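J.: Model the structure of this input:
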Amino acid sequence: FHTTLFSYIEELADSMFPNMLILWMPPRLVLFFIFSLALIAGVVLLLNWFLNSNLGLGLRATGDSAKMARSMGIHVKRMKIIGFALANGCVALGGAIIAQKIGGADLRFGIGHFAGALGAVLLGQALVPNKSILVSLITVVLGSVIYQMILVVILQLGNFQESGRLITALFLISALTIPG
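T.: Below is the predicted model:
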(Lines give C-alpha, C1' and ligand atoms only; values in the text may rest on other atoms or scores of the structure.)
Protein backbone atom coordinates (compact mmCIF):
# COMPACT_ATOMS: atom_id res chain seq x y z
CA PHE A 1 0.00 0.00 0.00
CA HIS A 2 1.42 3.38 -1.02
CA THR A 3 0.85 6.23 1.37
CA THR A 4 2.45 8.93 -0.79
CA LEU A 5 3.60 9.42 -4.36
CA PHE A 6 7.20 9.27 -3.20
CA SER A 7 6.74 5.96 -1.38
CA TYR A 8 5.48 4.60 -4.72
CA ILE A 9 8.58 6.01 -6.47
CA GLU A 10 10.87 4.50 -3.81
CA GLU A 11 9.19 1.09 -4.08
CA LEU A 12 9.38 1.25 -7.87
CA ALA A 13 13.09 2.09 -7.72
CA ASP A 14 13.80 -0.70 -5.24
CA SER A 15 11.96 -3.24 -7.43
CA MET A 16 13.57 -2.09 -10.68
CA PHE A 17 17.13 -1.79 -9.39
CA PRO A 18 17.60 -3.98 -6.30
CA ASN A 19 20.97 -3.60 -4.53
CA MET A 20 22.35 -1.34 -7.24
CA LEU A 21 23.84 2.13 -7.37
CA ILE A 22 23.24 4.53 -10.25
CA LEU A 23 25.79 7.32 -10.52
CA TRP A 24 26.95 6.44 -6.98
CA MET A 25 23.47 7.07 -5.61
CA PRO A 26 20.69 4.71 -4.56
CA PRO A 27 18.06 4.25 -7.29
CA ARG A 28 15.35 5.88 -5.16
CA LEU A 29 17.38 9.11 -5.08
CA VAL A 30 17.97 8.97 -8.82
CA LEU A 31 14.25 8.50 -9.56
CA PHE A 32 13.36 11.26 -7.07
CA PHE A 33 15.87 13.54 -8.82
CA ILE A 34 14.42 12.70 -12.26
CA PHE A 35 10.86 13.21 -11.00
CA SER A 36 11.82 16.55 -9.43
CA LEU A 37 13.56 17.74 -12.60
CA ALA A 38 10.56 16.80 -14.72
CA LEU A 39 8.18 18.58 -12.36
CA ILE A 40 10.33 21.72 -12.22
CA ALA A 41 10.75 21.74 -16.00
CA GLY A 42 7.00 21.36 -16.44
CA VAL A 43 6.22 24.23 -14.07
CA VAL A 44 8.85 26.46 -15.70
CA LEU A 45 7.50 25.73 -19.19
CA LEU A 46 3.89 26.35 -18.08
CA LEU A 47 4.85 29.63 -16.42
CA ASN A 48 6.80 30.65 -19.52
CA TRP A 49 3.81 29.89 -21.73
CA PHE A 50 1.42 31.77 -19.43
CA LEU A 51 3.65 34.83 -18.97
CA ASN A 52 4.04 35.15 -22.73
CA SER A 53 0.27 34.97 -23.36
CA ASN A 54 -1.89 38.10 -23.56
CA LEU A 55 -3.04 37.65 -19.97
CA GLY A 56 0.54 37.07 -18.82
CA LEU A 57 1.74 40.17 -20.65
CA GLY A 58 -0.94 42.17 -18.85
CA LEU A 59 0.20 40.67 -15.57
CA ARG A 60 3.81 41.55 -16.29
CA ALA A 61 2.83 45.09 -17.31
CA THR A 62 0.91 45.51 -14.06
CA GLY A 63 3.94 44.31 -12.13
CA ASP A 64 6.21 46.75 -13.92
CA SER A 65 3.98 49.81 -13.53
CA ALA A 66 0.39 49.71 -12.33
CA LYS A 67 -0.25 53.30 -13.42
CA MET A 68 1.02 52.66 -16.94
CA ALA A 69 -0.94 49.40 -17.16
CA ARG A 70 -4.10 51.19 -16.05
CA SER A 71 -3.55 53.86 -18.72
CA MET A 72 -3.23 51.08 -21.32
CA GLY A 73 -6.66 49.73 -20.36
CA ILE A 74 -5.52 46.80 -18.24
CA HIS A 75 -7.75 45.98 -15.27
CA VAL A 76 -5.06 46.31 -12.58
CA LYS A 77 -7.08 44.90 -9.67
CA ARG A 78 -7.89 41.78 -11.68
CA MET A 79 -4.23 41.35 -12.63
CA LYS A 80 -3.17 41.66 -8.98
CA ILE A 81 -5.65 38.97 -8.00
CA ILE A 82 -4.43 36.71 -10.80
CA GLY A 83 -0.82 37.34 -9.75
CA PHE A 84 -1.55 36.49 -6.12
CA ALA A 85 -3.48 33.39 -7.18
CA LEU A 86 -0.60 32.25 -9.40
CA ALA A 87 1.97 32.83 -6.66
CA ASN A 88 -0.14 31.06 -4.05
CA GLY A 89 -0.71 28.18 -6.45
CA CYS A 90 3.06 27.74 -6.81
CA VAL A 91 3.43 27.85 -3.01
CA ALA A 92 0.63 25.29 -2.63
CA LEU A 93 2.30 22.99 -5.16
CA GLY A 94 5.57 23.23 -3.23
CA GLY A 95 3.79 22.53 0.05
CA ALA A 96 2.00 19.55 -1.46
CA ILE A 97 5.29 18.11 -2.71
CA ILE A 98 6.92 18.54 0.69
CA ALA A 99 3.90 16.96 2.39
CA GLN A 100 4.11 14.02 -0.03
CA LYS A 101 7.84 13.61 0.52
CA ILE A 102 7.73 13.58 4.31
CA GLY A 103 4.29 12.02 4.62
CA GLY A 104 2.51 14.82 6.46
CA ALA A 105 2.12 18.54 6.91
CA ASP A 106 2.44 21.12 9.65
CA LEU A 107 1.55 24.79 9.76
CA ARG A 108 5.09 25.70 10.85
CA PHE A 109 6.85 24.33 7.74
CA GLY A 110 7.05 27.67 5.95
CA ILE A 111 8.21 29.74 8.92
CA GLY A 112 11.60 31.25 8.26
CA HIS A 113 11.79 30.35 4.58
CA PHE A 114 10.72 33.69 3.16
CA ALA A 115 14.14 35.36 3.47
CA GLY A 116 15.88 32.40 1.86
CA ALA A 117 13.35 32.21 -0.96
CA LEU A 118 13.67 35.93 -1.59
CA GLY A 119 17.45 35.63 -1.62
CA ALA A 120 17.28 32.71 -4.05
CA VAL A 121 15.05 34.69 -6.42
CA LEU A 122 17.27 37.77 -6.20
CA LEU A 123 20.43 35.71 -6.71
CA GLY A 124 18.90 34.00 -9.73
CA GLN A 125 17.89 37.34 -11.24
CA ALA A 126 21.32 38.83 -10.51
CA LEU A 127 23.09 35.96 -12.30
CA VAL A 128 21.64 36.86 -15.71
CA PRO A 129 19.76 40.17 -15.60
CA ASN A 130 17.30 41.44 -18.23
CA LYS A 131 16.78 38.30 -20.29
CA SER A 132 13.71 36.53 -21.64
CA ILE A 133 11.05 35.15 -19.32
CA LEU A 134 12.25 31.57 -19.82
CA VAL A 135 15.85 32.49 -18.95
CA SER A 136 14.60 34.45 -15.92
CA LEU A 137 12.60 31.46 -14.69
CA ILE A 138 15.58 29.14 -15.16
CA THR A 139 17.91 31.50 -13.30
CA VAL A 140 15.45 31.71 -10.40
CA VAL A 141 15.50 27.90 -10.21
CA LEU A 142 19.32 27.97 -10.34
CA GLY A 143 19.37 30.59 -7.57
CA SER A 144 17.28 28.33 -5.35
CA VAL A 145 19.57 25.37 -6.12
CA ILE A 146 22.62 27.46 -5.18
CA TYR A 147 20.90 28.52 -1.97
CA GLN A 148 20.07 24.91 -1.08
CA MET A 149 23.67 23.87 -1.82
CA ILE A 150 24.87 26.57 0.59
CA LEU A 151 22.48 25.22 3.23
CA VAL A 152 23.77 21.69 2.73
CA VAL A 153 27.34 22.88 3.26
CA ILE A 154 26.28 24.72 6.42
CA LEU A 155 24.45 21.65 7.71
CA GLN A 156 27.55 19.55 7.08
CA LEU A 157 29.60 21.99 9.14
CA GLY A 158 27.12 21.77 12.02
CA ASN A 159 25.70 24.49 14.29
CA PHE A 160 22.89 25.35 11.88
CA GLN A 161 20.51 26.25 14.69
CA GLU A 162 22.84 28.95 15.97
CA SER A 163 24.07 30.30 12.67
CA GLY A 164 21.25 29.43 10.25
CA ARG A 165 19.45 32.75 10.48
CA LEU A 166 22.72 34.66 10.26
CA ILE A 167 23.76 32.73 7.16
CA THR A 168 20.33 33.28 5.59
CA ALA A 169 20.55 37.01 6.32
CA LEU A 170 24.08 37.21 4.86
CA PHE A 171 22.89 35.31 1.78
CA LEU A 172 20.02 37.77 1.34
CA ILE A 173 22.33 40.77 1.75
CA SER A 174 24.80 39.35 -0.76
CA ALA A 175 21.98 38.67 -3.23
CA LEU A 176 20.83 42.28 -2.87
CA THR A 177 24.32 43.68 -3.39
CA ILE A 178 25.19 41.70 -6.52
CA PRO A 179 25.11 44.19 -9.36
CA GLY A 180 22.40 43.50 -11.84
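J.: any idea of the mean pLDDT for the lengthiest helix in the chain?
T.: Under DSSP state H, the helix in the chain containing the largest number of residues is helix 76-102. Model confidence over helix 76-102, given as mean pLDDT, is 89.
J.: now it: how far from the chain's centre is it?
T.: Averaging C-alpha positions (Cα atoms, centre = their mean, to the nearest Å) puts helix 76-102 11 Å from its chain's average.
J.: tell me which residues in that helix are buried?
T.: Taking 16 or more other Cβ atoms under 10 Å as the neighbour-count basis, helix 76-102 is seen to contain the buried residues 76, 79, 82, 100. (Glycine included, C-beta is placed from N, CA and C.)
J.: Same check on stretch 127-146?
T.: Neighbour counts over stretch 127-146 (16+ other Cβ under 10 Å) mark 127, 133, 136-141, 143-144, 146 as buried.
J.: so after the longest helix of the chain, what's the next helix or strand?
T.: Sequence-wise, the next helix or strand downstream of helix 76-102 (DSSP states H and E) is helix 114-127.
J.: got the angle for the helix or strand just after that following helix vs helix 114-127?
T.: Using DSSP H and E, the helix or strand that follows helix 114-127 towards the C-terminus is helix 133-157. With axes from the mean of the first three to the mean of the last three Cα atoms, to 10 degrees as the criterion, the two stretches helix 133-157 and helix 114-127 enclose an angle of 130 degrees.
J.: Then I74 would be within a strand, right?
T.: No: with DSSP: H, G, I helix; E, B strand; the rest coil as the criterion, I74 is located in coil rather than a strand.
J.: My read is that it contacts L57, right?
T.: No: under the criterion of Cβ atoms under 8 Å, I74 lies out of contact with L57, with a separation of 9.1 Å.
J.: Who has more neighbours out of these two?
T.: Just comparing I74 and L57: by other Cβ atoms under 10 Å the higher neighbour count belongs to I74, 18 against 14.
J.: quick one: contacts for the more buried one?
T.: With contacts defined as Cβ atoms under 8 Å, 6 or more residues apart in numbering, the neighbours of I74 are 58, 61-62.
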